[in-house]
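**Student:** Quick one, what's the 3D model for this:
(2 chains)
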Amino acid sequence: QQQVKQSPQSLIVQKGGISIINCAYENTAFDYFPWYQQFPGKGPALLIAIRPDVSEKKEGRFTISFNKSAKQFSLHIMDSQPGDSATYFCAASLRYNFNKFYFGSGTKLNVKP
Amino acid sequence: DGGITQSPKYLFRKEGQNVTLSCEQNLNHDAMYWYRQDPGQGLRLIYYSQIVNDFQKGDIAEGYSVSREKKESFPLTVTSAQKNPTAFYLCASSPSTGYNEQFFGPGTRLTVL
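**Tutor:** Okay, here's the model as predicted:
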């Protein structure tokens, strides 16, 4: 059973548009929610992360929105660029076991020029 | 440069052979991890280690073995008992405490012929 459910599986956005990727979880013990970006043939790299004591975190064109009551969080990429084309993974970790991450299944984003 | 190295980048083995994937880090991180990545399934945790000479099974440990004799090294052996070993394998590390990101290596693509 997957602990973190991610959608959509793939996403096509025009340059300059907004890309939105959603994740949902059930375990209320999760206490840290990072997003990773992965380019083909490379390892994932941390993009942005949030803790549930805030509802939104913004870093440049990337924003995480967090809805604790709905147990959902999402990544918004504003002014999407072709260089943003990559696979994005959401993840969650447990309050009492920070070392174990549970990853979503990934979203392959294609930003068309 | 600090980081995580994995070798080799591509590995080919015949069915029935054991193979060991290398992972080294010079970030002075206590915790290290092995993930398997298959298309459409995200990252699945194989093993993780929070300290030298100690490691725990992840979600898909069957057919794999690890050792942690040095802080810097966490090799993964894919045994002949692993039924579907062809995959992209990712090693990661993190500090052991707090809300810390996991840093990923570049990955090893294993193909079993």
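
**Student:** count of residues packed around the residue of chain B found nearest chain A?
**Tutor:** Distances between chain B and chain A by Cβ to the nearest Cβ are smallest at residue B:104, namely 3.3 Å. From N, CA and C alone the C-beta is placed, and that goes for glycine too. For residue B:104, the count of nearby residues is 23 (other Cβ atoms under 10 Å in any protein chain shown).

**Student:** How about residues contacting the lowest-mean-pLDDT helix or strand in chain A?
**Tutor:** Averaged element by element with mean pLDDT, DSSP states H and E, chain A has its least confident helix or strand at strand A:97-103 (a mean of 80). Strand A:97-103 has contacts (Cβ atoms under 8 Å, 6 or more residues apart in numbering or on different chains) with A:2-4, A:25, A:30, A:32, A:34, A:36, A:89-94, B:31, B:33, B:35, B:42-45, B:48, B:50, B:58, B:94, B:96-100, B:102.

**Student:** In PyMOL, select just the buried ones from those.
**Tutor:** Paste this into PyMOL to select the buried members of these, with burial taken from 16 or more other Cβ atoms under 10 Å in any protein chain shown:
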select buried, (chain A and resi 3+4+25+30+32+34+36+89+90+91+92+93+94) or (chain B and resi 31+33+35+42+43+44+45+48+50+58+94+100+102)
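
**Student:** how about the strands in the chain?
**Tutor:** Since no chain was named, I'll use chain A. For chain A, applying DSSP state E gives strands covering A:4-7, A:10-14, A:19-25, A:30-38, A:45-50, A:56-59, A:62-67, A:72-77, A:86-94, A:97-103, A:107-112.

**Student:** Correction: the question concerned chain B.
**Tutor:** Assigned by DSSP E, the strands in chain B fall at B:4-7, B:10-13, B:19-25, B:31-37, B:43-51, B:54-57, B:64-66, B:76-78, B:87-94, B:103-104, B:108-112.
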